[in-house]
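J.: fold the following, please.
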Amino acid sequence: MVFSMKKRIIALFLVVVLSVMMLPVIASAENAETEHFDEALYAADVDDSGGLGISEEHVECCYGLNSESGDGLLIQSNAALIEGFSENLAFQSGSVLTEQIVYERIMAMKPSYPEGMPFTNETHIYMWRGGNNPYAIGLGCVAFAFIMSDAAFGDLQARVHYDINDIKIGDILRINNQTHSVIVIGRDSRGITIAEGNYNRSVHWGRTITWTRLQQIFNYAQTRYPPPASPFRDVSEDVTAFPAILWSYNNSIVTGTNDGRFLPKDNMTRDQYALVLWRYMGRPSPGAGRTFVDVPATDIAFNAISWASANGIVTGRGDSFLPKDNMTRAEMVLMMHRVSRLYGKNLSFDPNALNHFADREQIVPAAREAMLWGVTHGLITGRGSNLLPNDPVTREQVVLILYRYVHGIGA
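T.: Residues are numbered from 1 along each chain as shown. Here you go, the predicted model:
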């Protein structure tokens, strides 16, 4: 899409907020209590059960757009507030960024964005410096979170993660079926404290969400803290699958080779995938599964394959399992679907989910419902107009799809 001259002009002035900010973090448990959980506020404004805040009426759906799809919107949004651009953001990319610093920078923005300031989808639109992951332009609550984040993190790029236990001050959380975005300004053993725009159509500082409630409404987080170092010499921290690979490594699901490689582009075999699912499910007892002539009891995947066979997750082909054959994309999703059925997870699907894939007829009948389910819930997305059901699946694809599952319908 060719950007119009008007868009370019707007984009030039479209802010990336400045000024320093953010939080008195975990320096001590005592500080965390007093600085981030004002007791009167906690008692009066705590979300521990229903909806966002007191009721669903407090917020309206806010949107994020990628830079291309947002082009026309920026041109047409005459009511949008275009923030003033400035280059004196007090941030040095080489400095150590702590949650304390982030908190102080965010709180320094409060005089400019005071409690009750009107802030809606109609009044505020903002393109941030955090990149296009998953979007670069925000309206309403998204715009507010982006402004606060830019003030704290400058030009650091954002990455998405799904680990509620890794939420930090300054992270942007997408919550409530992806209708609302908030920025974290505090956390302790009880929950998190947030700041948000488009809450009662205005700015609101200090709402608390308990950890229990957050588990129910959390979709994902955008963080701009540098990622942890990769445990593998052939996987860099900036690849899309890195959070999934790191999660897999930390949970001993796919641990890599003895010489420190993950081999992300290698195809995953049938025995390896059975092992992945078995480890993810907590290494359950093998049970009385079938024995296959090509899987001896000494095989590293023997218990995993026995468990999968005993529970109807795999069936084999005759007396053989064909452990070294490559897993296909359809086989992978079919096995995940069977695991979900076994453990009572969500099996709903959109019957039209495959309609836009040109190669949908290549899906074998036995895997069709599973593929409908996988596409419906965003586990598998295809490439362009093709789903490629019979293509082999790589090791990085397996952990990425399992990571989506774990932090989605498998939660």
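J.: okay, now the closest residue to S385 other than its chain neighbours: neighbour count?
T.: Nearest residue to S385, sequence neighbours excluded (Cβ to Cβ, 6 or more residues apart in numbering): A358, at 4.7 Å. Every C-beta, even on glycine, is put in place using the N, C-alpha and C of the backbone. Per other Cβ atoms under 10 Å, the neighbour tally for A358 reads 11.
J.: next one: T98
T.: 17.
J.: run through the helices of the protein in chain order.
T.: 5-13, 29-36, 39-44, 71-76, 99-107, 141-153, 211-217, 242-250, 270-280, 302-310, 329-342, 365-376, 395-406 (DSSP state H).
J.: highest average neighbour count across these?
T.: helix 141-153 (a mean of 29; mean count of other Cβ atoms under 10 Å).
J.: how close does R190 sit to N165?
T.: 15 Å (Cβ to Cβ, to the nearest Å).
J.: out of those two, which sits in the busier spot?
T.: Per other Cβ under 10 Å, whichever of R190 and N165 has more neighbours is R190, with 17 against 5.
J.: measure the more buried one to P243 for me?
T.: 26 Å.
J.: and if you look at F302?
T.: The value you get for F302 to P243, if Cβ to Cβ is used, is 31 Å.
J.: so what's R129 scoring on pLDDT?
T.: R129 carries a pLDDT score of 89 in this model.
J.: what's the burial count for it?
T.: Neighbour number of R129 under other Cβ under 10 Å is 19.
J.: and the one 10 residues further on, by the same measure?
T.: In terms of burial, L139 registers 27 neighbours under the definition other Cβ under 10 Å.
J.: what backbone torsions are found at the closest residue to it other than its chain neighbours?
T.: Once flanking residues are discounted, L139 sits nearest to N121: 4.4 Å by Cβ to Cβ, 6+ apart. Dihedral pair for N121: phi -60, psi -30, per degrees, to the nearest 10.
J.: mind pulling up the pLDDT for N121?
T.: On the pLDDT scale, N121 gets 88.
J.: what about it, distance to R201?
T.: Distance from N121 to R201, by Cβ to Cβ: 9 Å.
J.: more neighbours, the two?
T.: The neighbour comparison of N121 against R201 (other Cβ under 10 Å) goes to N121, with 22 against 17.
J.: the more buried one and R105: what is the separation?
T.: Counting by Cβ to Cβ, the gap from N121 to R105 is 25 Å.
J.: same check on R360?
T.: 49 Å.
J.: same deal with I217?
T.: 26 Å.
J.: just I172 next, same as before
T.: In terms of Cβ to Cβ, I172 sits 14 Å off from R105.
J.: what's the answer for F349, then?
T.: 44 Å.
J.: who's in contact with F302?
T.: Contacts here follow Cβ atoms under 8 Å, 6 or more residues apart in numbering; on that basis F302 touches P286, V295, P296.
J.: tell me the contacts of the closest residue to A304 other than its chain neighbours?
T.: Among residues not flanking A304 along the chain, W278 sits closest, at 3.4 Å (Cβ to Cβ, 6+ apart). Neighbouring residues of W278 by Cβ under 8 Å, 6+ apart: P284, A301, N303, A304, W307, A308.
J.: same thing with A158?
T.: Contacts of A158 by Cβ under 8 Å, 6+ apart are G130, G131, N133, S149, I172, Q222, T223, R224.
J.: what's the closest non-adjacent residue to the first one?
T.: Meaning G130. Counting by Cβ to Cβ, 6+ apart, the residue nearest G130 is A158, at 3.7 Å.
J.: and if you look at the second one?
T.: Computed as Cβ to Cβ, 6+ apart, the closest residue to G131 that is not its neighbour in sequence is Q157, at 4.4 Å.
J.: got the domain ranges for this protein?
T.: 5-223, 242-406 (automatic domain parsing).
J.: can you count the residues close to K265?
T.: 10.
J.: where does the stretch 301-411 of the chain dip in pLDDT?
T.: For the stretch 301-411 of the chain, the stretches with pLDDT under 70 are 410-411.
J.: quick one: pLDDT of the residue nearest to A304?
T.: In this model, W278 carries a pLDDT of 94.
J.: OK, contacts around the residue lying closest to D359 once chain neighbours are set aside?
T.: Computed as Cβ to Cβ, 6+ apart, the closest residue to D359 that is not its neighbour in sequence is N386, at 4.7 Å. Shown in contact with N386 (Cβ under 8 Å, 6+ apart): F357, A358, D359.
J.: equivalent analysis for V375, please.
T.: By Cβ under 8 Å, 6+ apart, the neighbours of V375 are F349, D350, A353, L354, F357, T381, G382, L387.
J.: neighbour count and distance to R329 for these - can I get that in a markdown table?
T.: Shown next, in a markdown table, are those (neighbours: other Cβ atoms under 10 Å; distance: Cβ to Cβ, whole Å):
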| residue | neighbour count | distance to R329 |
| --- | --- | --- |
| F349 | 18 | 17 |
| D350 | 12 | 19 |
| A353 | 16 | 15 |
| L354 | 21 | 13 |
| F357 | 20 | 12 |
| T381 | 10 | 11 |
| G382 | 18 | 9 |
| L387 | 25 | 7 |
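J.: and R233, backbone torsions?
T.: phi -80, psi -10.
J.: how much space separates the closest residue in space to it that isn't next to it in sequence from Y249?
T.: Excluding the flanking residues, the one nearest R233 by Cβ to Cβ, 6+ apart is G260, at 4.9 Å. Using Cβ to Cβ, one gets 11 Å for the distance from G260 to Y249.
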